[in-house]
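Asks: Make a model of this:
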Amino acid sequence: MSPIQKYAIGAGAAVLLSWIFLPGFVTLLILLGVVAAPVVGYFMLDPSQRERLKRVRRRGIGS
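Replies: Residues are numbered from 1 along each chain as shown. Predicted coordinates for the structure are as follows:
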């Protein structure tokens with residue numbers, strides 16, 4: 001199982017648990033924070049930094 005799949009499963013479990021135990025608005029804020037923060041961070045990178053990040057992802061860490 002890839003690390004991205006593990007993160008997705010963990011995020012799904014966290015959202016389900018928060019949906020059960022917290023009000024809907026708080027769960028929505030958590031979901032937006034989990035999803036929107038990495039996207040905004042990626043778009044804040046320079047084009048050269050984005051390209052470097054793509055190379056590292058393609059090559060994989062440690063291989």
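
Asks: Next, count neighbours for V15.
Replies: Close neighbours of V15, defined as other Cβ atoms under 10 Å, add up to 16. The C-beta positions use only the backbone N, C-alpha and C, and glycine is treated the same way.

Asks: That one reaches L28, doesn't it?
Replies: No: at 9.7 Å, V15 does not count as touching L28 under the criterion of Cβ atoms under 8 Å.

Asks: Low-confidence stretches in the chain?
Replies: Within the chain, the segments meeting pLDDT under 70 span 60-63.

Asks: could you redo the last one with a cut-off of 90?
Replies: For the chain, the stretches with pLDDT under 90 are 1-42, 53-63.

Asks: Quick one: the strands in it, in order.
Replies: Read by DSSP state E, the chain holds no strands at all.

Asks: any idea how far R59 is from L32?
Replies: Look at L32 and R59: by Cβ to Cβ, to the nearest Å, they are 31 Å apart.

Asks: same question but for R52, I mixed them up
Replies: From R52 to R59 the distance is 11 Å (Cβ to Cβ).
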